[in-house]
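[1] Could you work out the structure for the sequence below:
(2 chains)
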There are 2 protein chains.
Amino acid sequence: MSEAIKLFQYNTLGALMAGLYGGTLTVGELLEHGDLGLGTLDSIDGELIVLDGKAYQAKGSEGKVEVVEVSPDEKVPYAAVVPHQAEVIFRQRYEMTDKELEDRIESYYDGVNLFRSIKIKGHFKHMHVRMIPKSNADIKFADVATRQPEYEVDDISGTIVGIWTPEMFHGVSVAGYHLHFISDDLTFGGHVMDFVIENGIIEVGPVDQLDQRFPVQDRQYLFAKFNVDEMRKDITKAE
Amino acid sequence: MSEAIKLFQYNTLGALMAGLYGGTLTVGELLEHGDLGLGTLDSIDGELIVLDGKAYQAKGSEGKVEVVEVSPDEKVPYAAVVPHQAEVIFRQRYEMTDKELEDRIESYYDGVNLFRSIKIKGHFKHMHVRMIPKSNADIKFADVATRQPEYEVDDISGTIVGIWTPEMFHGVSVAGYHLHFISDDLTFGGHVMDFVIENGIIEVGPVDQLDQRFPVQDRQYLFAKFNVDEMRKDITKAE
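    Next up is the predicted model:
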């Protein structure tokens, strides 16, 4: 067997949704653990996209989408990355909605109880994303979530990256697909809401282990009171 | 900072409860990842206790408790171990019930969102344990759980080992305490139901990371259908 592939998850989506927005892990350190993934930035300032070992931030500023490369010194409150290795590769030759494509992807899984890395490089007839707006810790995630700017474009080439999570880990992560998009020309991106793909190459990678890290020196994390049932529902709603 | 302490969890408690009883990881490999912990054996044949780097099996055979050391070749379907390093140590000088002692232990935690390793070495006025009985995969865990032999003894010296899990990870593990006991003379042990401690030394160890492994080559695991909500309730009931 080749080397085990670890999904590196820093913090949990649940903790993020409980209001722990402060960045505590540098992007430089994050990138040592994987070349594909997603997350958010300090103060939940937009969407983090990790593609081919580089980290990008997509945010909505003054009604426009802005994508910038993230410096290794910036810190993230939540992120998940994996050293992506395609195990299933297929070409999508004809138009499909996101739901149709997701069903097709799942039809290739060898089982539903492992995490997967997902990479979809292609041309999209339509792409609909949103960005989490920069917020202070005193604003509840559920409230932030209701006022996230959304953006739509037609006819765009780019890559969707993300993680597929088994249902058992809902709360720690979000069950099912969690996908971020970035355009080839690095001008558009964000958290994927829905899309129509025209054609593309889909890669599904295996995850053998979950390497779950915690912000062990973050006093706010250590003592945060989570309402876990509410949190699981929030994640379902928000993601 | 010293080296990060990893909780090594093989498989999930949820998967075990879904009926995946077949052992797939050797005890020898398990012990490379920690010297304190718990789990069960192949075909859920009793309780696994890992103390000071040695693995023991406690089972109820013909109405009597039997404790044996486990050979490195035996396989486990589920286990969690940690290289235990006490970070909080305190002496319990007077009699307490399990609930009282657990409250006292938690009062020393620096926060409720990290896993902890637990070691309680002492003299017990009363100890009440149970053992999961060896079962085939076609018997549901909920049914197995209703017919677990229980044993009680008074006036016994020994060690409780286990893991404390933050609520967010319920389903993956069991939220709160999961404790197994083994007597000093290696004749009594099992899954802790309740106890009265007379006196003892309590150690609480930190867990910085969760190293979650999956039986990635076990076809039965890969394709098992879990009802996650039901599973979370089962764990609450059974553990």
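[2] Chain A against chain B: which residues are in contact?
    Residues of chain A lying close to chain B by Cβ under 8 Å from any Cβ of the partner chain are A:12, A:14-15, A:110-114, A:167-172, A:206, A:208-214, A:216, A:219, A:221-226, A:228, A:231. C-beta coordinates here come from the backbone N, C-alpha and C atoms, glycine included.
[3] from those residues, which ones fall inside strands?
    With strands defined by DSSP state E, the entries of those inside them are A:206, A:209, A:210, A:211, A:212, A:213.
[4] one step back: which entries within the residues of chain A next to chain B meet the buried criterion?
    Taking 16 or more other Cβ atoms under 10 Å in any protein chain shown as the criterion, what is buried in the residues of chain A next to chain B is A:12, A:14-15, A:112-114, A:167-172, A:206, A:208-214, A:216, A:221-222, A:224, A:226, A:228, A:231.
[5] what about chain A, any weak spots by pLDDT?
    A:1-2, A:231, A:238-239 (pLDDT under 70).
[6] do that again at 50, thanks
    A:1 (pLDDT under 50).
[7] In CSV, list the C-alpha atoms belonging to the longest helix anywhere in it.
    What stands out as the longest helix in chain A, according to DSSP state H, is helix A:228-238. Only the C-alpha atoms of helix A:228-238 are listed here, as CSV (Å, rounded to 0.1, in the frame of the first residue of the first chain):
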residue,chain,number,x,y,z
VAL,A,228,-24.3,20.7,19.6
ASP,A,229,-27.8,19.8,18.4
GLU,A,230,-28.4,23.4,17.4
MET,A,231,-24.9,23.5,15.8
ARG,A,232,-25.6,20.4,13.7
LYS,A,233,-28.8,22.0,12.4
ASP,A,234,-27.0,25.3,11.8
ILE,A,235,-24.4,23.6,9.7
THR,A,236,-27.1,21.9,7.7
LYS,A,237,-28.8,25.2,7.1
ALA,A,238,-25.7,27.3,6.5
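[8] Give me the helices and strands touching it, please.
    In terms of contacts (3 or more Cβ pairs under 8 Å, 6 or more residues apart in numbering or on different chains; DSSP states H and E), helix A:228-238 is packed against helix A:13-17, helix A:141-146.
[9] so which of these is the most packed in?
    For these, ranked by mean neighbour count under the definition mean count of other Cβ atoms under 10 Å in any protein chain shown, the leader is helix A:13-17 at a mean of 25.
[10] neighbouring contacts of the next helix or strand along the chain from that one?
    Going down the chain from helix A:13-17, the next helix or strand is strand A:25-26, by DSSP states H and E. Among residues not part of strand A:25-26, those counted as contacts by Cβ atoms under 8 Å, 6 or more residues apart in numbering or on different chains are A:10, A:11, A:72, A:73, A:74, A:75, A:76, A:79, A:213, A:215.
[11] Which of the residues you listed are buried, as a PyMOL select command?
    Restricted to the buried members of the contacts of strand A:25-26, where burial is judged by 16+ other Cβ under 10 Å, the PyMOL selection command reads as follows:
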select buried, chain A and resi 10+11+74+75+76+79+213+215
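[12] out of the contacts of strand A:25-26, which one sits closest to chain B?
    Comparing the contacts of strand A:25-26 against chain B with Cβ to the nearest Cβ places residue A:213 closest, at 5.3 Å.
[13] Assess the claim that that closest one and residue A:12 are in contact.
    No. With contact taken as Cβ atoms under 8 Å, residue A:213 and residue A:12 are classed as non-touching, separated by 9.7 Å.
[14] the inter-axis angle of the helix or strand hosting residue A:178 versus helix A:228-238?
    With the criterion set as DSSP H and E, the secondary-structure element containing residue A:178 is strand A:176-183. Following axes from the mean of the first three to the mean of the last three Cα atoms, to 10 degrees, one obtains 40 degrees for the angle between strand A:176-183 and helix A:228-238.
[15] any idea how far strand A:176-183 is from the chain center?
    A distance of 6 Å separates the C-alpha centroid of strand A:176-183 from that of its chain, computed with Cα atoms, centre = their mean, to the nearest Å.
[16] what residue is smack in the middle of chain A?
    residue A:38 (3.6 Å; Cα atoms, centre = their mean).
[17] what's the closest non-adjacent residue to it?
    Taking Cβ to Cβ, 6 or more residues apart in numbering or on different chains, and ignoring the residues beside it in sequence, residue A:38 has residue A:180 as its nearest neighbour in space, at 4.3 Å.
[18] can you check residue A:92 too?
    Nearest in space to residue A:92, with sequence neighbours left out and distances taken as Cβ to Cβ, 6+ apart, is residue A:200 at 5.1 Å.
[19] Note down every partner strand of the helix or strand harbouring the one you found and its orientation.
    Taking DSSP H and E as the definition, residue A:200 sits inside strand A:189-206. Paired strands of strand A:189-206, with direction, are strand A:88-92 (antiparallel), strand A:96-97 (antiparallel), strand A:116-130 (antiparallel), strand A:176-183 (antiparallel) (DSSP bridges).
[20] Heading C-terminal from the shortest one, find the next helix or strand.
    So that's strand A:96-97. Proceeding N to C from strand A:96-97, the next assigned helix or strand is helix A:98-106, under DSSP H and E.
[21] Would you check that residue A:102 makes contact with residue A:179?
    No. Between residue A:102 and residue A:179 no contact is recorded; they are 9.1 Å apart, counting by Cβ under 8 Å.
[22] Between these two, which is the more surrounded one?
    Comparing residue A:102 with residue A:179 by neighbour count (other Cβ atoms under 10 Å in any protein chain shown), the higher total belongs to residue A:179, at 23 against 17.
[23] what sits against the more buried one?
    Taking Cβ under 8 Å, 6+ apart as the contact definition, residue A:179 lies against A:38, A:118, A:120, A:160, A:161, A:162, A:191, A:192.
[24] mind running it again at 6 Å?
    If you count contacts by Cβ atoms under 6 Å, 6 or more residues apart in numbering or on different chains, residue A:179 has them with A:160, A:162, A:192.
[25] same thing with residue A:180?
    Counting by Cβ under 6 Å, 6+ apart, residue A:180 has contacts A:38, A:47, A:49, A:161, A:191.
[26] Select from the residues you listed every entry located in strands.
    Using DSSP E, the subset of the contacts of residue A:180 located in strands is A:38, A:47, A:49, A:161, A:191.
[27] Please report how far the third one lies from residue B:25.
    With distances defined as Cβ to Cβ, to the nearest Å, the gap from residue A:49 to residue B:25 amounts to 35 Å.
[28] What is the three-state secondary structure of the closest residue to residue A:72 other than its chain neighbours?
    Closest residue to residue A:72 apart from its sequence neighbours, by Cβ to Cβ, 6+ apart: residue A:28 at 3.2 Å. Secondary structure of residue A:28, reduced to three states by DSSP: H, G, I helix; E, B strand; the rest coil: helix.
[29] Residue A:133 now?
    Secondary structure of residue A:133, reduced to three states by three-state DSSP: coil.
[30] Could I get the phi/psi values of it?
    With angles defined as degrees, to the nearest 10, residue A:133 shows backbone torsions of phi -90, psi 140.
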